[in-house]
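Enquirer: coords please:
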Amino acid sequence: MKKLCLSVLLAALSVCVFAGGGSDKAGGTGAVNSNPLSDPQVRQAIAYAIDMDTICRTLLLDKAVPANSLTPNGEWKVSGLNNYTYNPSKAMELLKAAKWDPNYTLDVGYYYDDQQTVDLMVAVQAYLEAVGIKANFRRIQGDFNTLLWMPPKDPVNGPSAVDWDVLYGATAALVLHEYYNKYIGGSAGNSHTPTDPQLDTLIAATNATADVAKQKAAFNELQKYENENLFAIPLYYQPLFIFCRDTVTRTGDTNGNAQYNYDWNIINWDVKPDASGKKVLKTNAGPVQFFEHPWFNPGVYIGSKVLFDRLIVADGSLAPKEGALASSYTVSPDNMTLTFTMRNNIKWHDGKPITPQDVKWSIEYALKVPAIHAVFASTFNAIDGAAEFKAGSAQDVRGIQINGNTITIKFAALDPNMLMTFSQFAPLPQSYFIGTDPAQFQQNAYWQKPVGSGPFMVREAKMNDYAVFVPFRDYYKGVAKIDEIRSYPSGENDANLVINANANNLDYGYTKNSNDAIALEKVSGMKVFPVNMFYTRLFFVNKFPKK
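Expert: Next up is the predicted model:
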């Protein structure tokens with residue numbers, strides 16, 4: 001199938017490559033150093049030379065969307081960007097203006113080992129050669145930190161500390177800052193982009209506020225500059241695929257980012273009863289050896305989704321809002337103080353009250369747990385007194401204060417993602433971890449049958465076989481309509497996904513594998529919904545001069 005798609009693609013290329021096209025806008029200011037790729041016109045030419053519409057439709061089997069910025073489509077995407085629609089005549093015009101040397105051969109690297117990547121590289125090579133750009137493609141293996149991301153000693157002038165000219169890779173992110181901060185001049189891992197004061201200023205503006213509206217405005221300006229300058233060349237957005245059987249009614253849910261969206265109203269879902277009259281929802285992402293703690297990969301596993309609630313909610317587009325363990329929250333005008341008001345009468349699954357002290361302890365304990373999500377770590381480390389607490393010179397974090405059912409968190413440094421963190425970070429019951437070394441956090445017996453705060457609780461867990469969740473009768477939002485959730489073990493990539501779906505052992509879930517999505521579409525009664533998420537495939541472009 002892939003070979004057929006590739007042949008169709010190349011046939012289309014041979015017919016269309018000299019067909020010309022519209023006069024899409026593009027400009028350039030010339031090379032900033034001896035590397036020809038430091039000229040924006042060359043990077044724009046590469047973008048125009050590759051027919052991503054055809055590639056997405058054929059080679060990627062209609063399961064990807066052409067990209068025009070690192071930022072995927074959705075609420076955070078600015079409108080009016082240049083799509084760099086396939087236009088080989090425009091590409092050759094830009095190369096001529098940039099005085100491109102037709103004898104120069106690009107060294108293009110990639111680190112994926114699947115056949116689809118190889119086919120994509122073959123197609124890109126043909127597209128580039130058709131406009132006069134020679135390119136050699138090679139798979140890079142070994143120490144990626146050194147071979148891919150080693151920054152030069154001089155972040156302005158170089159020379160480059162890596163060998164490649166162009167690198168095919170991906171960026172996945174919980175928050176947009178993870179996309180762009182890597183292009184700041186001199187930042188760790190910036191092996192490709194010389195310091196650009198204008199770019200640094202635009203990126204700094206996105207990090208300068210925790211106000212969502214102001215962040216969006218800053219990202220809009222950054223995307224406009226990115227779209228014109230192309231310091232990286234975005235290729236396509238890889239969607240997430242939600243699958244759902246027609247026996248399931250997802251009342252109140254939207255097809256948002258299923259991993260990080262907790263505003264899914266699962267207590268009002270309904271399932272067609274089985275022969276015994278029981279409403280059972282079957283899914284994957286169950287525990288293998290233990291329940292994975294939710295502080296490292298929030299939302300990946302079904303237990304993290306249904307057993308635990310957060311202080312605030314992230315909706316389908318990952319915008320934080322009220323509606324979880326905290327009844328309300330406020331952010332100070334200077335974005336340096338965050339206050340949560342906890343709900344009354346909320347309980348853990350063992351019937352004990354969920355207290356502000358549990359929240360304070362969870363943050364402080366997380367500061368000493370070796371493996372937590374990078375966004376969480378950044379937020380918690382910015383809290384006033386966090387450094388002293390981690391160093392052992394303070395008994396607690398002074399920036400976290402409790403007054404009745406109110407928790408006030410004061411920051412020593414502004415963290416633009418503090419609301420996102422608290423829409424993803426699940427507080428845990430302190431009483432189960434007394435005496436547990438943070439380094440042994442995941443080894444605590446609690447993770448064999450965790451006691452949480454969410455709409456479902458663990459009834460039974462047979463590791464590497466199945467887990468059963470039942471409604472928590474004292475859940476503050478009401479009792480779920482579904483009688484039981486039965487989950488089967490898997491990690492984020494489930495090798496048995498299609499097998500279990502065909503065996504009627506899967507009713508709902510999500511996958512990031514496009515081949516699985518195509519197979520699931522063929523399962524009787526199953527529907528598959530692609531969803532935009534923060535995942536972009538792109539070409540990193542090394543703009544430093546070579547040695």
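
Enquirer: Residue 381: how many residues sit nearby?
Expert: Number of residues near residue 381 (other C-beta atoms under 10 Å) recorded here: 15. To be clear about C-beta, it is placed using only N, CA and C from the backbone, and glycine gets the same treatment.

Enquirer: ugh, typo on my part, it should be residue 290
Expert: 18.

Enquirer: Which residue comes closest to it once chain neighbours are left out?
Expert: Distances taken as C-beta to C-beta, 6 or more residues apart in numbering place residue 447 nearest to residue 290, at 4.3 Å, with adjacent residues excluded.

Enquirer: The one you found and residue 295 touch, don't they?
Expert: No. Contact criterion C-beta atoms under 8 Å: residue 447 and residue 295 do not qualify, at 11.6 Å.

Enquirer: Comparing those two, which shows the higher neighbour count?
Expert: The neighbour comparison of residue 447 against residue 295 (other C-beta under 10 Å) goes to residue 295, with 22 against 18.

Enquirer: so what's the residue most central in space within the chain up against?
Expert: Centroid-nearest residue in the chain, with C-alpha atoms, centre = their mean: residue 173, separated by 3.1 Å. By C-beta atoms under 8 Å, 6 or more residues apart in numbering, the contact set of residue 173 is 179, 534-535.

Enquirer: What about those residues, which one has the most neighbours?
Expert: In terms of neighbour count, residue 179 stands highest of the contacts of residue 173 at 26 neighbours, by other C-beta under 10 Å.

Enquirer: Correct me if wrong: that residue contacts residue 171.
Expert: Yes. Contact criterion C-beta under 8 Å: residue 179 and residue 171 qualify, at 5.4 Å.

Enquirer: Now list whatever residues contact both of the two.
Expert: By C-beta under 8 Å, 6+ apart, the residues touching both residue 179 and residue 171 are 70, 536.

Enquirer: Around the residue lying closest to residue 389 once chain neighbours are set aside, how many other residues sit close by?
Expert: Excluding its sequence neighbours, the residue lying closest to residue 389 (C-beta to C-beta, 6+ apart) is residue 397, at 4.7 Å. Applying other C-beta under 10 Å, we find 22 residues neighbouring residue 397.

Enquirer: isn't residue 397 right up against residue 383?
Expert: Yes. The criterion here is C-beta under 8 Å, and residue 397 meets it with residue 383 at 5.7 Å.

Enquirer: what's the overlap in contacts for the two?
Expert: Residues touching both residue 397 and residue 383 (C-beta under 8 Å, 6+ apart) are residue 363.

Enquirer: can you list the weak-confidence ranges in this structure?
Expert: 1-29, 492-493 (pLDDT under 70).

Enquirer: What is the neighbour count of residue 443?
Expert: Residues contacting residue 443 under the criterion other C-beta under 10 Å number 11.

Enquirer: quick one: it from residue 126, how far?
Expert: In this view, residue 443 and residue 126 are 52 Å apart by C-beta to C-beta, to the nearest Å.

Enquirer: starting at the chain centroid, how far to stretch 192-210?
Expert: Distance, stretch centre to chain centre, for stretch 192-210: 20 Å (C-alpha atoms, centre = their mean, to the nearest Å).

Enquirer: export it as PDB, just CAs?
Expert: Taking C-alpha atoms only, stretch 192-210 is exported to PDB below (Å, rounded to 0.1, in the frame of the first residue of the first chain):
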ATOM      1  CA  HIS A 192      20.300  24.900  14.800                       C
ATOM      2  CA  THR A 193      19.300  28.600  15.300                       C
ATOM      3  CA  PRO A 194      21.700  31.500  15.800                       C
ATOM      4  CA  THR A 195      20.600  34.100  18.300                       C
ATOM      5  CA  ASP A 196      18.000  36.300  16.700                       C
ATOM      6  CA  PRO A 197      17.100  39.300  19.000                       C
ATOM      7  CA  GLN A 198      13.700  39.700  17.400                       C
ATOM      8  CA  LEU A 199      12.800  36.100  17.800                       C
ATOM      9  CA  ASP A 200      14.100  36.000  21.400                       C
ATOM     10  CA  THR A 201      11.900  39.000  22.200                       C
ATOM     11  CA  LEU A 202       8.800  37.400  20.700                       C
ATOM     12  CA  ILE A 203       9.500  34.200  22.600                       C
ATOM     13  CA  ALA A 204      10.100  36.100  25.800                       C
ATOM     14  CA  ALA A 205       6.700  37.700  25.500                       C
ATOM     15  CA  THR A 206       5.000  34.300  25.500                       C
ATOM     16  CA  ASN A 207       6.800  33.500  28.800                       C
ATOM     17  CA  ALA A 208       6.200  36.900  30.400                       C
ATOM     18  CA  THR A 209       2.600  36.300  31.500                       C
ATOM     19  CA  ALA A 210       0.300  33.600  33.000                       C
END
